[in-house]
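In: Return a 3D structure for these sequence lines:
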Amino acid sequence: MLIVSVVLYLVASIGLVILALKYLFGPAPTDYHSEILKRAGVQVDPALARVTGALNQVLGSALLAFAVLVSALALFGVGARLFWANAALLIAVLILGGLATRVAYGLEQQTGVRTPWRPAAALTGIAVVAFVVAAF
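Out: Numbers count the residues shown, from 1 in each chain. I've put the predicted structure just below:
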């Protein structure tokens, strides 16, 4: 069952890479950011686009770095049956994924604009299942 856990962590990592690429190379502001701003009556000028673009690139690079760490810990820590690696992954995923899910969900509830809380929740759930599979 250990291989299942490692594969699940790698699937979550691939999902993180996909999200990272969206923020690194996608439009700024993103579609949902633009819709929220439009509904609030905010005109997106070049300065605002540059600021959101910079923030997106920071988020994208952080997600990409996190994906690398998840993959490395899964392959060389969880794969080697190191409980601390599995526990560290769980804690880190719950911090990032839990907060990302909560914040994006809250934003969707406040604005009525569809936000990416679903992918965040799904990737977090995959990693939690990976932890459970490896731990037991």
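
In: Return the lowest-mean-pLDDT helix or strand in the chain as CSV; C-alpha atoms alone will do.
Out: Within the chain, judged by mean pLDDT, DSSP states H and E, the helix or strand with the poorest mean is helix 31-39; its value is a mean of 94. Taking C-alpha atoms only, helix 31-39 is exported to CSV below (Å, rounded to 0.1, in the frame of the first residue of the first chain):
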residue,chain,number,x,y,z
ASP,A,31,-10.6,35.4,-14.9
TYR,A,32,-12.2,35.2,-11.4
HIS,A,33,-10.2,38.1,-10.1
SER,A,34,-11.4,40.2,-13.1
GLU,A,35,-15.0,39.2,-12.5
ILE,A,36,-14.8,40.1,-8.8
LEU,A,37,-13.3,43.5,-9.7
LYS,A,38,-15.8,44.1,-12.4
ARG,A,39,-18.7,43.3,-10.1
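
In: Please point out which parts of that helix sit buried.
Out: Applying a neighbour-count criterion of 16 or more other Cβ atoms under 10 Å, the buried positions in helix 31-39 are 32-37. For every residue, glycine as well, the C-beta is placed using N, CA and C.

In: Reformat these into TSV and put distance to Ser5 next to each item.
Out: Converted to TSV, those look like this (distance: Cβ to Cβ, whole Å):
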residue	distance to Ser5
Tyr32	32
His33	35
Ser34	39
Glu35	38
Ile36	37
Leu37	41
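
In: can you give me the offset of the least confident helix or strand of the chain from its chain's centre?
Out: The chain centroid and the centroid of helix 31-39 are separated by 20 Å under Cα atoms, centre = their mean, to the nearest Å.

In: from the buried residues of helix 31-39, which is closest to Thr111?
Out: Ranked by distance to Thr111 (Cβ to Cβ), the buried residues of helix 31-39 are led by Ile36 at 5.0 Å.
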